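Chemist: Whatever this is, show me its structure:
(4 chains)
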Amino acid sequence: MPKTIATAKVVGQKVLNSTIKILEVYAPEIANQALPGQFVNVQVCKNTAPLLRRPFGVAGVNKEAGTFTIIYRIIGEATHILADVCSGDELSIVGPLGKGFDMTAEKPLLVGGGLGLAPLKFLAEGFGAGKTDILMGGRTKEEVCWTCIYDELSDKVFVTTDDGSDGTKGTVMALLPELLASGVYDCVYVCGPVPMMKAVANACLEANVKCQVSLEKYMACGLGACLSCACGGIGKRLKVCTDGPVFWAEEVVEW
Amino acid sequence: MPKTIATAKVVGQKVLNSTIKILEVYAPEIANQALPGQFVNVQVCKNTAPLLRRPFGVAGVNKEAGTFTIIYRIIGEATHILADVCSGDELSIVGPLGKGFDMTAEKPLLVGGGLGLAPLKFLAEGFGAGKTDILMGGRTKEEVCWTCIYDELSDKVFVTTDDGSDGTKGTVMALLPELLASGVYDCVYVCGPVPMMKAVANACLEANVKCQVSLEKYMACGLGACLSCACGGIGKRLKVCTDGPVFWAEEVVEW
Amino acid sequence: MVKALYEGRLAVDIAGLKMQTPVTTGSGTFGFGLEFRDFLDLEKVGAVTVKGTSLLPAAGNKGQRAIETPSGMLNCIGLENPGSEYFLEHTLPELRKYDVPVIVNIYGHSPEEYGEVAKKLDVDGVDAVEINISCPNVKEGGIVFGTCPEAAAEVVRAVKANTSKMVITKLSPNVTDIVTMAKAVEEAGTDAISMINTLLGTVIDIDRQKPVLGNITGGLSGPAVRPVAVRLVYQVAQAVNVPIIGMGGIMNARDAIEFMLAGASAVSVGTVNFIQPDIAETIAHGMLEYLDKHNVQSINDIVGLALPNGRASMPYLNK
Amino acid sequence: MVKALYEGRLAVDIAGLKMQTPVTTGSGTFGFGLEFRDFLDLEKVGAVTVKGTSLLPAAGNKGQRAIETPSGMLNCIGLENPGSEYFLEHTLPELRKYDVPVIVNIYGHSPEEYGEVAKKLDVDGVDAVEINISCPNVKEGGIVFGTCPEAAAEVVRAVKANTSKMVITKLSPNVTDIVTMAKAVEEAGTDAISMINTLLGTVIDIDRQKPVLGNITGGLSGPAVRPVAVRLVYQVAQAVNVPIIGMGGIMNARDAIEFMLAGASAVSVGTVNFIQPDIAETIAHGMLEYLDKHNVQSINDIVGLALPNGRASMPYLNK
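Modeler: The predicted model follows:
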């Protein structure tokens, strides 16, 4: 499955909430190959600042249309530029990159927060509508506005917010133990802030449920060359960009 | 007449030829003050590359509408970005900068080439329709496509091209001597490549006709602070950005 | 001053030089200050540092003097200036109309010449002199004062011996060991250190197949050099007993704060003046927002916080 | 090779190392080359320079290892690599399947260690070794070999004594006088010089009030440093008798040509590999266009043209 440098044509952008946008681009060479969990590296402008490409998890593909989507938060120099691209504009995108999720689960539980909910969306689509349950956590109601997406995709949608403005008050750990105890799920897929992923991974270990984590580390190339995103595995070094971003929880020793 | 940092709103862009565009922006604080010969310093993007503002001579103003125009060639990183701005976009523009042309001539002859024809357009408008004659020189017919602009503005329009594809074959010097000899003109205003301006200045000196030149030198600030654009005057240093860009030909010793 | 700006929250005292904000202007990037009056209130700038002034007028370099580079620019102005005589007669009186400290950047081609300029400028209206040691030592065959600890120290002593003003020495980054340079000028009596001066660079025009700049090489400034400047401030702040004025690619309040967290007691804005001519005043607002966000009363309290042991890492703060 | 690429117009010979194009890859920016096979034809790269290899495996630095800066990036990978053993057993056999010269960048913490790595890599399939002297000398309390002429020379001698391969020494720009460094390694027997390594820099996170990088400082690379790199090549080219491989912020053919006009006989692309992973191959096309535009047959003929006396300024071209 070769990686390519695609000249992607922007199809359009949608707004998810005040700071998050959904970008759809036409790039069949990537859309036809991308698997849930993989990411792409986007060049937001041709000038030297911002210089590096920015990595984004693939949030979904439309093989018929040859398009795929990424979901991003408008937070820095690069994403502000990205937020201004219009239908018809061209973006240089390298991908698909990294290794995706294991798709063999019988009854998967997805657990996510923040932008981690973007790759999980593609995963939910990969398993098929209604096949997955999802537990999402955020600080406020606005951060879990992703329910509008997952209500269509997943079977059960569990929500927690730190301030209790939506769903159960607390973090995902307020609900996870009982969900695991129910014995319904044979695999948990978590993508979100590191503290969330560590807590979930530990809970799964105790409950003896398989768990995959999708790591995010600052990366320059996304190709396994620069070693910016290296982390510690069992008896060997791991590269988030090529050995991951998806790992079995027990594979990762030093996060 | 204070200089300001204006947040200018793009009104629109027109194409003059394959590489030259006309940009109109709304910035009354500049439009109401700018005089023929003055320039503005435009920030084409908010990122650090390109870093510096780019200077452009004011090519015309519409005081009623509060707008002014600049005419530029799409040649480098900055002008490529500028070529993509759309109606409604905002640009930070500093101006008006520099000293303008002397407007006391009875019968002015404008001489220009390349983008030098942009500030001369504003000068022709300043004198009033039909008040000026213009002599423009270029390498090819395409380079003197400005006739479409000056046919409206000026009385007589003289054209020379190096390859003879339009007007008289040769440089502006093929026609200038006889025009000066005619005794019709009491002042010549020249803006173009340095060799053209030097030749014209010398011819005027010989013919004893007053001559103003509009110099262009690489400048960083346009405010008289960086001294990038300094040149040699009579017994003193001159700054193109604040003492100029318009000088009486005899003022400039070291171009 | 009638009333302290911003309730004094941004006021700093650099070796006796009282500034209402920690922001001064890089020599050669702010003219004589007067050029920027249309854009800002000079009295809301911490201090105005005027362009490099020499004993006699200097014409500077021929040919192209500046060129943009990725996120930076090279300049080889060649220290063109009207000379100390002209400055005292025409410029200083104008500047004195404003209630703002004036720092005069000075240079010479021998320690003696530095001393003479310093003496000439030891007048009312001048609050401090900043020594530009990045100049060729004519006597020593043009090697740059700023790259030799002994030569730099000699210049500092010559200036100190000829002025009653506060003396700032501006360090060059083009050295293997900036700490040795810093300690040498501190030893020689400088009251403060400003850093960094520009990095030496060049750009070649591949069509003309010649260097773009008339002087072949020029000084690199702008955001491109900021990581190098912050690193050098970070190193020197842990080694000297004098305050540091940090500079090098500051574009906004974030960048200024970065230098202060690295150990600078004040900052200087340079190349950005060409792009945002009001920055020397407006940057103060971003600093206040930062202080509020972090619940800090005075800008002085953030100096050095990013050092290995925080403020305890700075000899200057623990004298 | 069956047939010369581009009719041999881009072929260069760097101290015996025959390259089909003047373009090699910056150590640490191209992995082991194999990572880029999806994007380019390795056999159309002038030479593959693989990442810094040490005698034993190295885990590198903890914490964040890279951060973007204006037109550049800082990295503090810490020379993580699987070690010479692993390289010889697993990587080299893969690389040998391609008809492209292989340059191995090596480092150690003592001259002896440098010598041991060099000896270990003195095998078929390795065409040259590049010495990274920008490492702390453990014996000498961590001062960097690359900033001391004697220490650098000692490393070069140790490597030369232990290998039959062509030896390239990679110079650090963090010195007052790079010409002295260049002459020291030339004197010690290096066959070629590559320059520049990264500039030391740091970035501070103003919210966390700590340096961003786990190692506090990192190496600055990318277009931001190009003017500095070109200036240093311009200086060294006028002083040494060995060929120079120029690098530092090359993004495209224009930039590569700029280095060659300044006196580099070949170039290396680094940070740009992260952005345009096919650049090491595609840049050749821009070079050919330039040769055609200027009516030059061979890329070798443009080397040094921008020097004060053109190619006559280069001792290496006038031996």
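Chemist: what about chain C, any weak spots by pLDDT?
Modeler: Applying pLDDT under 70 to chain C flags residues C:1-3, C:137-142.
Chemist: need the contact list for the residue in the stretch 201-319 of chain C that chain A sits nearest to.
Modeler: Residue nearest to chain A within the stretch 201-319 of chain C (C-beta to the nearest C-beta): C:Pro223, separated by 7.8 Å. For glycine as for every other residue, the C-beta is placed from the backbone atoms N, C-alpha and C. By C-beta atoms under 8 Å, 6 or more residues apart in numbering or on different chains, C:Pro223 lies in contact with A:49, B:48, B:51, C:71-72, C:249, C:251, C:255, C:271, D:69-71, D:224.
Chemist: Let's see if you can find the most crowded of the residues you listed.
Modeler: D:Ala224 (36 neighbours; other C-beta atoms under 10 Å in any protein chain shown).
Chemist: that's a helix at that residue, yeah?
Modeler: Yes - the assignment for D:Ala224 by DSSP: H, G, I helix; E, B strand; the rest coil puts it in a helix.
Chemist: wouldn't it be in contact with C:Leu199 here?
Modeler: No - the criterion here is C-beta atoms under 8 Å, and D:Ala224 misses it with C:Leu199 at 10.1 Å.
Chemist: Please enumerate the shared neighbours of the two.
Modeler: C:Val225.
Chemist: Could you check which residue of the stretch 151-255 of chain A lies nearest chain C?
Modeler: For the stretch 151-255 of chain A, C-beta to the nearest C-beta, closest residue to chain C: A:Ala220, 15.0 Å.
Chemist: Could you measure from the residue nearest to that residue when sequence neighbours are not counted over to B:Asp162?
Modeler: Sequence neighbours aside, A:Cys226 is the residue nearest to A:Ala220 in space, at 4.3 Å (criterion: C-beta to C-beta, 6 or more residues apart in numbering or on different chains). As judged by C-beta to C-beta, to the nearest Å, A:Cys226 and B:Asp162 stand 51 Å apart.
Chemist: C:Glu258 now?
Modeler: From C:Glu258 to B:Asp162 the distance is 54 Å (C-beta to C-beta).
Chemist: With neighbour numbers in mind, choose between these two.
Modeler: C:Glu258 (27 against 14).
Chemist: Look up how far D:Ile67 lies from C:Ala306.
Modeler: Where D:Ile67 is concerned, C:Ala306 sits at a distance of 14 Å (C-beta to C-beta).
Chemist: Counting neighbours, what do you get for the residue nearest to A:Ala220?
Modeler: 28.
Chemist: ok, it - contacts?
Modeler: A:Met219, A:Ala220, D:Gly28, D:Thr29, D:Ala66, D:Asn75, D:Ile77, D:Phe274.
Chemist: Without its sequence neighbours, what residue ends up closest to the fourth one?
Modeler: What that stands for is D:Thr29. Counting by C-beta to C-beta, 6+ apart, the residue nearest D:Thr29 is D:Gly270, at 4.2 Å.
Chemist: The residue in chain C that chain A sits nearest to: what's it in contact with?
Modeler: Of all residues in chain C, C:Pro70 sits closest to chain A, at 4.4 Å by C-beta to the nearest C-beta. With contact taken as C-beta under 8 Å, 6+ apart, C:Pro70 is in contact with A:Thr48, A:Ala49, B:Ala49, C:Ala224, D:Pro70, D:Ser71, D:Gly72, D:Gly222, D:Pro223, D:Ala224, D:Arg226, D:Gly249.
Chemist: do C:Ser27 as well
Modeler: Counting by C-beta under 8 Å, 6+ apart, C:Ser27 has contacts C:Thr49, C:Val50, C:Lys51, C:Gly52, C:Asn105, C:Glu130, C:Asn132, C:Lys170.
Chemist: Scan those and report the most crowded one.
Modeler: Neighbour max across those (other C-beta under 10 Å) = C:Thr49, 31 neighbours.
Chemist: ok, it touching C:Met19?
Modeler: No - C:Thr49 lies out of contact with C:Met19 (C-beta under 8 Å); the separation is 11.0 Å.
Chemist: can you list the domains in chain A?
Modeler: As given by automatic domain parsing, the domain ranges for chain A are A:4-97, A:108-254.
Chemist: how about the ones you listed, which one is nearest C:Gly8?
Modeler: domain A:4-97 (33.6 Å; C-beta to C-beta).
Chemist: so how far is D:Thr163 from whatever residue of the stretch 101-250 of chain C ends up closest to chain B?
Modeler: Of all residues in the stretch 101-250 of chain C, the one sitting closest to chain B is C:Pro223 (4.6 Å; C-beta to the nearest C-beta). C:Pro223 sits at a distance of 42 Å from D:Thr163 (criterion: C-beta to C-beta).
Chemist: Kindly report the same for A:Thr69.
Modeler: 52 Å.
Chemist: do the same with C:Gly46
Modeler: For C:Gly46, the distance to D:Thr163 - C-beta to C-beta - is 57 Å.
Chemist: of those two, who's got more company?
Modeler: More crowded of C:Gly46 and D:Thr163, by other C-beta under 10 Å: C:Gly46, with 31 against 21.
Chemist: re earlier: export the contacts of C:Ser27 as JSON lines, with columns for distance to chain A and secondary structure.
Modeler: Shown next, in JSON lines, are the contacts of C:Ser27 (distance: C-beta to the nearest C-beta, whole Å; DSSP: H, G, I helix; E, B strand; the rest coil):
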{"residue": "C:Thr49", "distance to chain A": "27", "secondary structure": "strand"}
{"residue": "C:Val50", "distance to chain A": "31", "secondary structure": "strand"}
{"residue": "C:Lys51", "distance to chain A": "28", "secondary structure": "strand"}
{"residue": "C:Gly52", "distance to chain A": "29", "secondary structure": "strand"}
{"residue": "C:Asn105", "distance to chain A": "29", "secondary structure": "strand"}
{"residue": "C:Glu130", "distance to chain A": "30", "secondary structure": "strand"}
{"residue": "C:Asn132", "distance to chain A": "29", "secondary structure": "strand"}
{"residue": "C:Lys170", "distance to chain A": "27", "secondary structure": "strand"}
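Chemist: Is chain D within reach of stretch C:194-203?
Modeler: Yes - Stretch C:194-203 is in contact with chain D by C-beta under 8 Å from any C-beta of the partner chain, via C:Leu199, C:Leu200, C:Gly201, C:Thr202, C:Val203.
Chemist: and what of stretch A:180-199?
Modeler: No - using C-beta under 8 Å from any C-beta, stretch A:180-199 stays clear of chain D, with a minimum separation of 12.8 Å.
Chemist: mind listing what's buried in that stretch?
Modeler: Under the neighbour-count criterion of 16 or more other C-beta atoms under 10 Å in any protein chain shown, stretch A:180-199 has A:Leu180, A:Tyr185, A:Cys187, A:Val188, A:Tyr189, A:Val190, A:Cys191, A:Gly192, A:Pro193, A:Met196, A:Met197, A:Ala199 buried.
Chemist: now, among those residues, which is nearest to C:Val126?
Modeler: Among those, and counting by C-beta to C-beta, the member closest to C:Val126 is A:Pro193, at 54.9 Å.
Chemist: Just to check, that closest one is in contact with A:Gly113?
Modeler: Yes - the pair A:Pro193 and A:Gly113 passes the contact test of C-beta under 8 Å, sitting 5.9 Å apart.
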